[in-house]
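K.L.:
Mind folding the following:
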Amino acid sequence: MKLIARLVLGIAAGIGIGLVANEFVATFMVTIKDIIGSFIFFMVPLIIVFFIAAGIASIGKGGGKLLGSTVLVSYISTILAGLFAVTVAMFVIPALGIADTGLMHHQRWLVSLI
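P.N.:
Below is the predicted model:
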């Protein structure tokens, strides 16, 4: 069956089920969607790590050094990204004049309670 026909059939089936199903079926389908989505969200980083590990293992001699330098570069870039985010949050956002909205307002409200 062609892909377009499958997509149209799936959309029609979804519309049909949605029209005749009760709230329990809809809640069940949303639960299944959330479980599968969480599983995929959990598995993707592991799959990426395993592909990288397999690639480095296939290099052979000197692969450990390459892995170490890759981890070092990723660690340093993560730290620099965090520092950049903190710098923007501390200096740029207050300079724009939007510091009194959102979280800052809630922090002042929490401090006033104490």
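K.L.:
low pLDDT regions in the protein?
P.N.:
Within the chain, the ranges that satisfy pLDDT under 70 run 98-114.
K.L.:
center of it - which residue?
P.N.:
F41 (7.1 Å; CA atoms, centre = their mean).
K.L.:
could you pull out the strands for the protein?
P.N.:
Counting by DSSP state E, one finds no strands in the chain.
K.L.:
ok, longest helix in it?
P.N.:
Counting residues, the longest helix found in the chain (DSSP state H) is helix 23-59.
K.L.:
helices or strands next to it in the packing?
P.N.:
helix 63-87 (3 or more CB pairs under 8 Å, 6 or more residues apart in numbering; DSSP states H and E). The way it works is simple: take the backbone N, C-alpha and C, and place the C-beta from them, glycine included.
K.L.:
For the helix it packs on, give me every contacting residue.
P.N.:
I52, I56, A57, I59 (CB atoms under 8 Å, 6 or more residues apart in numbering).
K.L.:
got the buried residues for it?
P.N.:
L67 (16 or more other CB atoms under 10 Å).
K.L.:
got the angle between that helix and helix 23-59?
P.N.:
130 degrees (axes from the mean of the first three to the mean of the last three CA atoms, to 10 degrees).
K.L.:
what about burial for the contacts of helix 63-87, which qualify?
P.N.:
I56.
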